[in-house]
Structures are given as structure tokens and as C-alpha cells.
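*Asks:* need a structure here:
(2 chains, ligands or ions: 2)
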Amino acid sequence: MSTIDRYSGGSDELSAPEELPDRFQNPGLPPHRPRRGDLDPRADKTSERIVLALFGLSTLGTIGFLVAYFALPTGTDAGGIQRSTMTLGLALAFALLGIGTAAIQWAKSIMNDHERVEERHLMESSPAVREGAIANLEAGAADSGLSRRGLLKSAMIGSLALFPLTIVVPLIGNIGGNWNVSTFKHTMWKKGLRLTTDPSGRPIRAADVTIGSVVHVIPDGLDKAANPMDEKAKAIVLLIRLDPRDLHEADDRKGWSYNGIVAYSKVCTHVGCPVALYEQQTHHLLCPCHQSTFDVANGAKVVFGPAKRPLPQLPITVDSEGYLVAQSDFHEPIGPSFWERLR
Amino acid sequence: MTTTSTTTSRRTATRGSQGPAAASADWLDQRTGIAVAVKGLARKIFPDHWSFMLGEVALYSFITLLISGVFLTMFFVPSTNEVTYNGPWTALQGTRMSEAYASTLRLSFEVRGGLLMRQIHHWAALIFMAAIVTHMMRIFFTGAFRKPREINWVIGFTLLVLGMAAGFSGYSLPDDVLSGNGLRIAQGITLAVPIIGTYASYALFGGEFPGTALIPRLFTVHVLLIPGLLLALVGLHLAFVFLHKHTQFPGSGRTNTNVVGYPLFPVYVAKAGGFFFVVFGVIALLGATMQINPVWNYGSYDPSPVSAGAQPDWYMLFLEGALRLMPGQTEVVLGSFTVPLNIIVPAMILPGILLGALALYPFVEAYASGDHREHHLLDRPRNATFRTSFGVSLLTAFFVLVLAGSNDLIATQFHLSINDITWTFRVLLFVAPAIAFLVTKRICLGLQRRDRELVLHGHETGRIVRFASGEYIEVHAPLDEDERWLRVQQEPVRPLQIAPAEDSRGVRRKGYAADRRRQRLSQLFYEDRVEPVTPRELAAAHEHGAHPVLEPAEEAAQISAGVH
Ligand code: HEM
Ligand code: FES
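*Replies:* Ligands and ions are numbered 1, 2, ... in the order given. This is a model prediction of the structure:
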């Protein structure tokens, strides 16, 4: 390296007219300042009493804790549980803080407080030790015959590199369950499946949905699904009825709503929180997690925030009894974006 | 034979006169030779400063986490099997919930002292992270990471990352609505990883979200894997502190080749041991009086309910803030593949840059200064202008992100529009760190100049004297030698010098371009500086000094004492 190392060179020549050095010199340790207790035996005695009292306080804390533990039932209401936690906790804090402050007070006011000096040594080993280490390694390498037997070396490295496969392959093979990642693209909605309220599971009659109201929806028969939680996490829907005059629908989605009732996936297209803060005047849906805002009157397009895509719309209609049903599954994957979502 | 006779005589000695303590010490030493370690370590010297306690707070809150955590494992059931609740908390009686959530309720309502332990555990986690971060700030701003302590800096950095992982995995265990929502966000971020996102999500959750595998997996990670790693690394971290000996602040009598302080035994055993109880005690106080994570109000996890105003623990807020600030338009489609940069940038690239800058800083600084010596004396932050300014600007960026992570609370508190707040933070994320850098730099240089002024002209006394000529002048009191030493002890670091581009025969040398780059970096770090006063300058200042000083005779004596 051609960089000049500023630190290896000696000091600059003294060129000053007066013979003053370049730097000040360390004046050395200031003298020890005695504490009150070092000079006055009475102050020393007081310090000792304080330490004693603090240890005593700790013992009282422990006893108090045990008494509270046996005497005080944990309540069954928020108030009772708070009382018990508070009493036990305060007693514990006394027990601990007593010991802690006693020890520190002891160290500060009673123990010898003369500062002492210890020398440091460079971390690196001396050249002789380094040479010894290298010599030992060389001797060992020579004993092993590693340098002369190239094939042995390759065989060793090869087998060491391969054997972890015995652990990694079964791990990767099993850790993802069935690895059927295409499930991200489908939900349990299908043609004719009834929309029901979350969590009671009651079907919803279109006529009962008033303008401006919002219904949290799950598919009919969710609890009978193989993995209800997994299905629910994908299939939750928000049902909103707008005044049909406010609703602007894209041409290809004209038939997806019913009498101003629209259904959108409740899973945010940002990173997946449930979206459900609805503002009636603006028809805006707000995600509480990072405030992505979707315009329900306008295809649930993003009007603000970190999400890019509109909430997927569930095409709905009514069945013969007037209950709301899905026309099909969503036409695109719900929820956060992923690499192959358009494939 | 001599050997025999010594053994015999020792045995008789052992029998007769030893108390039980000495006898067990003897027993142990005969089997371990531990006296060597005790002799070497018992009176090892540790320097004192309040800021050295930050690392101790981290250690003691970690121990508190271990103690309270083991208690919790006795009662917590890491399972998502569905059960019907019939415990004492009436609001949830008869509802279905996961066993994990039900066992957390049992811990809170039925295990006596259980809620206290839960709250102690959670508070300890918050304090643990706060202590790690402030400890790291101390190391950074005083330059304690310099050679030979770079490895320990990297270990400490790993502890920070592991601490975040520990906190997140713990927060997710009780399986309430908030923790489940946090996991859902984690899953959304995982999905965003290009190419393998869906597979990574499957691997994490053992299938679809939420699945049934995650809580048991997180439990193992939280109570075994991460604490095990933390414990091993904390041990290594402390071993290095012993090996390197603690750094110390500059001052009279403190040099780069000594340590000034108090012996481990008894002073530090008492102070540090006592301090453990104080930290534990303060955490117990918090656990007793400040409710934290009342999961019984949130309900068992269900993907559907919303939770407005929910906040992750503070050390995760910066990620949350970054996610909130990134505009959604940045999600792009390449061919038929989706690349959600609106998630990749804030959740992967930005934290990568912030954390990466932190982890690598010691190596960059060493490269810029070209300094290969060991450093055991700390820098006063003002004297490391670039480092201090850089650190403050990194913290500012972090702080803006934390605030952005609470933008909804700010909006409701101050009745502001969330759009305006978000836009303000978007701008601030870039502007605030730059301003912070420049302001800090000015402050550092200003403080250095003030130090020079003080050394050259002494303290103002407020006393005015009148010269024979009729001139009025304020009397200045010279600094005593300890005060002065503190302000002149630092070695100025100057930008690197490099060999010229062409040698004497005009041939362009190889490696010049690389050297030049390095020099530019070095200039960025060290161009602006104020060098400490030299004895010559001080003498000169006194010769043609405008300020009369008190007792000039005594002061001259001090100068010559200081410099010979
Ligand atoms: C090392 C750092 C650690 C951190 C930062 C940490 C953090 C957390 C947090 C934030 C929670 C949620 C608490 C709540 O409000 O319910 C938690 C829960 C839990 N932790 Fe830890 N923890 C740590 C170490 C440990 C250790 C060492 C153990 C056990 C050996 C443990 C056992 C548990 C258990 C069983 C729970 C669930 C119980 C419950 O939520 O009520 N933790 N942890
Ligand atoms: S998850 Fe909805 S905005 Fe982030």
C-alpha cells in the first residue's frame, strides 16, 4: 500500500524557536480526595447504618411478598388482578431495591476508594510466540501428510461439504407442509356460496342491507372447512351498500354488484391487515395498519398510502330466496403482492 | 524425597487449621487450578463512568428476562388447538380460543403472581432493547469500537438483531389479535421477497397463514434458539471486555497504556451486583404498576377483527414507519412477475442500509483514518466531528421512522390530516438527517473552538481591571492543569497523505486511483477539524496576550511543569 502511514513515523523535528514540545504532557493522577467518612468516624458509622437499614428493608419486602402471596387471592376481575399484581410487585421491588441500594451504598461510602492503575499490553502476541504458533501448525500439517496427498484433502472437503444435505434436505422437504403454494391464488368462494355474517354465520338477505351500512362477511360453511382459520384469513369480505348513483363501476364489472351492494376482499393489498375503517361520506376504506385508503365507490382503488392495487372485488348476486351469494371466486389473488401472482 | 514430604506436610496443614471456605477453595483448586484465574482477575481494574452502566443495564435486564421467562414457560402452552374458555375472566367465558391464548389468560388470572411475571417479562424486554441501543450509542459516539474492539462491536450488533428477533417472537406467542396481526404483516413482507416469497411464507408457517405450526415453532425459537445464541454471544462479549480491559475517558493520569479505576473485588462485585438488583427492582416496579399488553382485552387471534391504533413494541416501530411512508406506486410488474418495491424497499433495503451502516462503520472509519494503533482512551464526541455528526444523522433517520410509525396517533392527537403528516415525514426522512449532520458538525466544531479559547485565554472571571493607560480589561483565570489536559489531550486526526500520481521519472504509478478514492473519503471524515492547542501556541498567546491573567508567576510555573 502506497499510503503513507502517519502513525509509524517518528515525531516532527522541533523547529520552534523556544524548545517547547509539540504536545502537552499528561499531568498524572490527581491526588485522592477523602470522603467525609474517611475523616470522620461518625460519618463512617452513619454510612454503615444506612447499609444495614437497606438490607433490612429488603428482608421486609420479601416477608411482605410472602404474606401478600398467601393472603391475597388473585381476583377474577380486572380490579382484583391489578390489586394482587401491584401488591406482590411492590413487595418484590422492595426486596430487590433494598439489596441493590445497600450494596452500592456499601461500595461507595465504605469500601476503599483509592483509584488504582493497571498497565495495558498490546493485544498481539510477541513475534516469538507467533513464530512458534506457525512452526507448530507446520509441524502438524507435515505430520498429517496433507500437503503431499492432494486426493485425500479433496475427499475430506467433499464429504464434509456433502453430509449436511442429510439434515437440510429433510428439513426443506417438510418445513413447508405440502408446499402447494398455488393455494395463495384461490379462496373458498365459489359460485352460489352464500355470504354470511362474521362471526355468527347467518346468511344475509339483500333487502336487509341498508344504504351506507357495512357488513363483515365470511363464506357459508366456514367452520366445516378443513382448516377454518386458513380459509378465513383469505376469504373475509366487506359488504357495503352505496347509493347506486354514487357507484362508478368499470364496464367489465357492471354485473358484479347487486342494487348498489358491493363486496370487496377485506385483506389489504399492502401487507395483509384486515381493512375495515369505513367513512360513509367519502366512501373511503382505511387500513388501520399503514393507512392505505381505498375508494369503495370507485372499484376500491387506492387513493392514498403504501398499497398499490385495489382491493379485489367479489362478484355477487342473490339466490332464489333473496340471499346474497357469490358468482364465483375472486378473479385475482387476494392480499399482499407476491412474485408469481399474475402467473 | 522432597515431593513426598511437601505433599505430606500440606496435607497435615489442610487438616488442622482451615475453615470450611478455605477448605472448599483448596478442594476446588486442587481439581481446577482456579487460583490462577482468581489471582489474575480478583483485583482487575475497571474504570468508572455513568455511561459504562448502560451495557450493565442490558445484561441485567437480560438476566431478568431469563428468570421471568423460565417462570412463564412452566405455564404457557404453545399450541393453537382450539379450546372453550371457562376460566374466571367473564368477558370471554364460553368463547373458543387457542390453547396458547387460554394459557396466557390462565397465567394472568389464575397463576398467583403470574401477571406480575408476564408484565416483568415484557417490561424487561423493552428495557433490554432500550439499553442495547443506548449502550451502542455510547460505544459509537466515544469511538470505543476502534481497534482492538471491532470484533466486539460486531458481536454487539448481532446481539441487537437477536434482541429484536427475541422480542418479536415473544410478542407473537400469546396468540391474541394484536400479535396475530403482527404475524400477518410479517407474512405479507415475506411474500414480497422476489422469486422465493411464497415458498418462504410456506416454510415459515408450515403451510398457509396462520396454520397451526407457527406458535410451537416460535416458542422453540423464543425460549431455546435465541436465548441460547444470546447467552453464548453475551458470554463472548464479556470475555472480550475482560481480555481487552475496559476503555476509559481521557483525563489526568489516564493514558492509552493504562487503566485507572477500582478493583473488581470488592468494589465492582458490590457495585455491579447491587446494580443488578436495582435494575431488576426497577423492572419489578414497572411490572407492578404499569399495565402492559393486557391480552384479555384483545381476544384470541382471528384474521378478521381490526385494531386501530395498535402499535408494535417500540424497537419495531421504525420498520412500521418505513412501511407507512413508502408510496404504493412503486410496486412494479416485470414481464409477468410482480416486484412489490413498496414493501421491498422499506422492509428490506432500508433496514439493510441503516443496520449495515451501523455494523460496518468501524471498518469504514479505520479505512478512512489509516490508523492501525490500538485505542483504549475514548474520544470526547465533539473531537470526532464526522463520526458524531454521522451518528446523529443516522439516529435522526431512525427517529423520523419511529414517528412515522405512530403517524395515526399523531394525527388523532393533533387533529392533523394523515396525508399531510405522511408527506411531511417523507420529506423529513431525507432532509432531517442532512440537517442533523450539518448542525451537529457546527456544534462539534464550535465546542472544539471553545475548548481552544479556554485553554489559550482561561476562564472569564467577570472582574474588570483598569490599566495605567486607562484601558479596561477583564481578568481571565488560567485553567488548572487537569482542566487543560482534558482539552488538549486529543491527537488530531488529519486526512491521509498519499504518494503523488507520478514518480520522479513521470511514470504514472499503479494504484493511484484507489489511493485517491481513499484520500477523498479521508478528507470527508477529517478535513474540517480544530486542532488542540500546543504548548507553543499557549506560550505565544501569553506573550502577546490581550488578557491579563491572575498570578502570572504561578501560571508560568504550571506551564513549565506541564511540558518538561
Ligand atoms: C432474550 C430476550 C427476550 C425477549 C426480548 C423476550 C420478549 C418477550 C415478549 C415481548 C413476550 C410477550 C409477553 C407478553 O406480553 O405476554 C414474551 C413472551 C414469552 N417469553 Fe420471552 N423474551 C426473552 C427471553 C425469554 C426466555 C429466555 C424465555 C424462557 C426461557 C422466555 C419465555 C417466554 C414465554 C413462555 C412467553 C409467553 C408467555 C406469555 O406471553 O404470557 N422469554 N417474551
Ligand atoms: S396492511 Fe394495509 S396499509 Fe399496510
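*Asks:* Contact residues of chain B facing ligand 1?
*Replies:* Within chain B, the positions lying close to ligand 1 (Cβ under 6 Å from any ligand atom) are B:62, B:65-66, B:69-70, B:72-73, B:76, B:104, B:107, B:118, B:121-122, B:125, B:128, B:163, B:166-167, B:170-171, B:173-174, B:222-223, B:227, B:230, B:293. No exception for glycine: its C-beta is placed from N, CA and C like everyone else's.
*Asks:* Only the buried subset of the residues you listed, as a ChimeraX command please.
*Replies:* Buried residues within those, by 16 or more other Cβ atoms under 10 Å in any protein chain shown, are selected in ChimeraX with:
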select /B:62,65,66,69,72,76,104,107,118,121,122,125,128,163,166,167,170,171,173,174,222,223,227,230,293
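*Asks:* Among the residues of chain B next to ligand 1, which ones are in helices?
*Replies:* B:62, B:65-66, B:69-70, B:72-73, B:104, B:107, B:118, B:121-122, B:125, B:128, B:163, B:166-167, B:170-171, B:227, B:230 (DSSP state H).
*Asks:* Quick check, pLDDT for residue A:12.
*Replies:* Looking at residue A:12, its pLDDT reads 38.
*Asks:* middle-most residue in chain B, spatially?
*Replies:* When Cα atoms, centre = their mean is applied to chain B, the residue found nearest the centroid is residue B:136 (2.3 Å).
*Asks:* The host helix or strand of it near chain A at all?
*Replies:* Using DSSP states H and E, residue B:136 sits within helix B:114-142. Yes - applying Cβ under 8 Å from any Cβ of the partner chain, one finds helix B:114-142 in contact with chain A at B:114, B:115, B:116, B:119, B:120.
*Asks:* Please pick the buried ones from those residues.
*Replies:* Buried by 16+ other Cβ under 10 Å: B:114, B:115, B:116, B:119, B:120, out of the residues of helix B:114-142 next to chain A.
*Asks:* Isn't the last one up against residue B:283?
*Replies:* Read it as residue B:120. Yes - the criterion here is Cβ atoms under 8 Å, and residue B:120 meets it with residue B:283 at 5.7 Å.
*Asks:* Quickly list what's touching both of these two.
*Replies:* By Cβ atoms under 8 Å, 6 or more residues apart in numbering or on different chains, residue B:120 and residue B:283 have these common neighbours: residue B:64.
*Asks:* which element is the closest residue to ligand 2 within the stretch 351-500 of chain B on?
*Replies:* Nearest to ligand 2 in the stretch 351-500 of chain B, going by Cβ to the nearest ligand atom, is residue B:408, at a distance of 10.8 Å. Using DSSP H and E, residue B:408 maps to helix B:407-414.
*Asks:* What are the buried residues along that helix?
*Replies:* Buried residues in helix B:407-414, counted by 16+ other Cβ under 10 Å: B:407, B:408, B:411.
*Asks:* What parts of the stretch 151-300 of chain A come near chain B?
*Replies:* A:172, A:175-179, A:181, A:183-184, A:198-199, A:216, A:218, A:227, A:229-230, A:232-234, A:236, A:266-267, A:270-277, A:288-292.
*Asks:* What's the PyMOL line that selects buried ones from these?
*Replies:* To isolate the buried subset of these in PyMOL, counting by 16+ other Cβ under 10 Å, use the following:
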select buried, chain A and resi 175+176+181+184+198+199+216+218+229+230+232+233+234+236+266+267+270+271+272+273+274+275+276+288+289+290+291+292
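*Asks:* returning to that earlier point: who does the helix holding residue B:136 touch, helix- and strand-wise?
*Replies:* In terms of contacts (3 or more Cβ pairs under 8 Å, 6 or more residues apart in numbering or on different chains; DSSP states H and E), helix B:114-142 is packed against helix A:78-109, helix B:53-73, helix B:99-109, helix B:150-172, helix B:269-289, helix B:350-369, helix B:385-404.
*Asks:* give me that answer again for 6 Å
*Replies:* For helix B:114-142, the packing partners by 3 or more Cβ pairs under 6 Å, 6 or more residues apart in numbering or on different chains; DSSP states H and E come out as helix A:78-109, helix B:53-73, helix B:99-109, helix B:150-172, helix B:269-289, helix B:385-404.
*Asks:* Do the helix or strand following the second one and chain A come into contact?
*Replies:* Which is helix B:53-73. Once helix B:53-73 ends, the next helix or strand along the chain (criterion: DSSP H and E) is strand B:82-84. No - Strand B:82-84 is not in contact with chain A by Cβ under 6 Å from any Cβ of the partner chain; minimum separation 9.0 Å.
*Asks:* Quick check: buried residues in strand B:82-84?
*Replies:* So strand B:82-84, judged by 16+ other Cβ under 10 Å, has buried residues residue B:83.
*Asks:* Off-centre distance for it?
*Replies:* Mean C-alpha position of strand B:82-84 versus that of the full chain (Cα atoms, centre = their mean, to the nearest Å) differs by 42 Å.
*Asks:* Now name the helix or strand holding residue A:226.
*Replies:* Using DSSP H and E, no helix or strand contains residue A:226.
*Asks:* Look up how far chain B lies from it.
*Replies:* Noted for residue A:226: a distance of 11 Å to chain B, by Cβ to the nearest Cβ, to the nearest Å.
*Asks:* list the helices and strands the longest helix along chain B packs on?
*Replies:* When chain B is parsed with DSSP H, its longest helix is helix B:418-457. Packed against helix B:418-457 by the contact rule (3+ Cβ pairs under 6 Å, 6+ apart) you find helix B:385-404, helix B:407-414, helix B:481-488.
*Asks:* ok, whichever helix or strand comes after that helix: who's next to it in the sheet?
*Replies:* Using DSSP H and E, the helix or strand that follows helix B:418-457 in sequence is strand B:459-466. Sheet pairing for strand B:459-466, assigned by DSSP bridges, gives strand B:472-477 (antiparallel).
*Asks:* coming back round to it: which one, of the helices and strands packed on helix B:114-142, ends up nearest to residue B:518?
*Replies:* Judged by Cβ to Cβ, the one of these that comes nearest to residue B:518 is helix B:385-404, at 14.9 Å.
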